[in-house]
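Enquirer: When you get a sec, could you give me coordinates for this:
(one chain, ligands or ions: 5)
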Amino acid sequence: MAQIFTPRADARLRLALIVGAGLVILIGASAFAWVRSGTAWAVGEPAPQPIPFSHAVHAGGLGLDCRFCHAGVERMAGAGMPSAETCLGCHDRVWNVTAQFAPLRAALARGAPVQWSSVSRLPDHARFDHSAHTQAGVACSTCHGEVQEMPRTVKAETLNMGFCLDCHRDPAPNQRPAAAVMARDYVPTDGTRDLRPYGLQVQRYEHFGVEVSPMTRCSTCHQ
Ligand code: HEC
Ligand code: HEC
Ligand code: HEC
Ligand code: HEC
Ligand code: HEC
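Expert: Ligands and ions are numbered 1, 2, ... in the order given. Got it, this is the predicted structure:
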């Protein structure tokens, strides 16, 4: 019986299949790399703010404690944002007030909060709690970077699910004694690195005979 396809056509088909498979892998790998990269999560990009506030000036230079403006971090899910009064306490009397503080006076007159933009906001389906992390000895810089050195606030980590889970699988290396959680010059000393007792207080449980850590259970972060 006569051959329908010549050996050359056969070779071309093989080549096309190999090139096709290569392309599929390349596109898949690039998409994977992109999603895992910081760029896809806007790491390092400042948000437009009503006033060009600088953490480097206030938390760095003036040395103000984070809790002075973000009073909720130890007690509440939200860190909280400073009110216009908090800023005007200094910028009304002590330092010359220029036009750039107009948004603060407008907010004060309306009795409304200042409209700061967020660089860290999670989607609504994810749940986060500052007090749980502060009490477990996880420092601000672990998730937000060295904020006190930032002239404009930017995201330092992706804050995506992979980032959360990397730590939730083994939090101990990123935990300090809770009393040292706000210290800016904390240096872990030998022997205090394994702080397991501070974490994993949530009871472990079994699911179909497999032990599951509540730290990685979906419903811990999604409801
Ligand atoms: C004088 C008040 C003040 C102090 C002190 C201060 N912050 Fe802020 N913080 C702000 C303001 C105002 C914003 C909103 C504008 C901006 O993002 O720059 C902000 C925004 C942030 C954000 C971004 C929030 C978001 O929604 O994305 C983080 C993170 C943050 N601060 C962490 C810190 C940390 C950590 C410290 C201590 C090292 C600190 N702040 C000290 C006033 C302050
Ligand atoms: C404890 C007093 C204090 C508080 C509270 C405070 N500031 Fe300031 N702020 C200062 C001082 C002092 C400077 C001047 C720093 C300099 O010129 O080196 C300054 C400078 C600034 C500048 C000019 C910064 C620059 O880059 O030159 C802006 C804008 C500003 N503050 C906004 C705010 C806002 C918004 C808040 C509230 C979230 C706030 N400040 C709270 C003391 C304060
Ligand atoms: C384990 C990671 C983690 C740690 C530690 C952490 N944060 Fe956050 N922070 C986040 C996430 C995630 C968000 C966004 C929360 C959301 O959208 O629900 C956020 C939001 C914020 C905001 C915006 C206002 C708000 O409450 O949403 C501020 C301000 C802030 N953090 C300050 C701080 C300060 C100050 C500390 C240290 C005392 C700190 N954070 C520690 C992850 C962290
Ligand atoms: C560097 C470590 C670390 C990172 C990063 C981290 N966590 Fe946690 N998380 C912890 C520790 C430690 C606890 C406390 C567990 C305990 O109570 O013993 C915790 C507890 C929690 C809880 C339980 C709070 C409660 O109600 O008891 C939630 C929800 C949570 N984390 C969400 C997140 C989310 C969402 C992210 C990512 C944006 C994140 N975490 C990133 C270490 C981390
Ligand atoms: C430690 C906290 C944490 C745990 C545990 C967790 N997630 Fe998430 N998840 C997040 C955060 C934060 C986001 C939002 C950022 C992102 O999309 O990566 C997210 C996003 C998602 C998304 C949306 C992805 C998208 O592209 O929009 C899905 C789906 C999801 N999670 C499913 C799960 C499932 C299923 C589990 C259990 C196996 C789980 N998550 C456990 C924190 C968590």
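Enquirer: show me what contacts the spatially most central residue of the chain?
Expert: With distances taken as CA atoms, centre = their mean, Leu159 lies nearest the centre of the chain, 3.3 Å away. By CB atoms under 8 Å, 6 or more residues apart in numbering, the contact set of Leu159 is Trp41, Ser120, Leu122, Cys143. For the C-beta atoms, the positions are set from N, CA and C on the backbone; glycine is no exception.
Enquirer: Tell me the one of those residues nearest ligand 3?
Expert: The shortest gap between ligand 3 and any of the contacts of Leu159 belongs to Cys143, at 2.9 Å (CB to the nearest ligand atom).
Enquirer: Shouldn't the closest one be within a helix?
Expert: Yes - counting by DSSP: H, G, I helix; E, B strand; the rest coil, Cys143 is located in a helix.
Enquirer: Which residues are in contact with it?
Expert: Here Cys143 is in contact with His133, Ala156, Glu157, Leu159 (CB under 8 Å, 6+ apart).
Enquirer: give me that answer again for 7 Å
Expert: When contacts are counted by CB atoms under 7 Å, 6 or more residues apart in numbering, Cys143 touches Glu157, Leu159.
Enquirer: ok, it to His130 distance?
Expert: According to CB to CB, to the nearest Å, Cys143 stands 10 Å off from His130.
Enquirer: Show me which helix runs longest in this structure.
Expert: In terms of residue count, the longest helix belonging to the chain (DSSP state H) is helix 7-36.
Enquirer: So the helix or strand following that one, near ligand 2 or not?
Expert: With elements assigned by DSSP states H and E, the helix or strand that comes after helix 7-36 is helix 55. No - using CB under 6 Å from any ligand atom, we find that helix 55 stays clear of ligand 2, coming within 9.8 Å at best.
Enquirer: re earlier: against ligand 2, how distant is the residue nearest to the centre of the chain?
Expert: Leu159 sits 22 Å away from ligand 2 when distances are taken as CB to the nearest ligand atom, to the nearest Å.
Enquirer: Pull up the residues of this structure that are close to ligand 4.
Expert: The chain comes close to ligand 4 at residues 126-129, 132-133, 136, 138, 142-143, 159, 163-164, 167-168, 171, 174-175, 199-202, 220-221, as judged by CB under 6 Å from any ligand atom.
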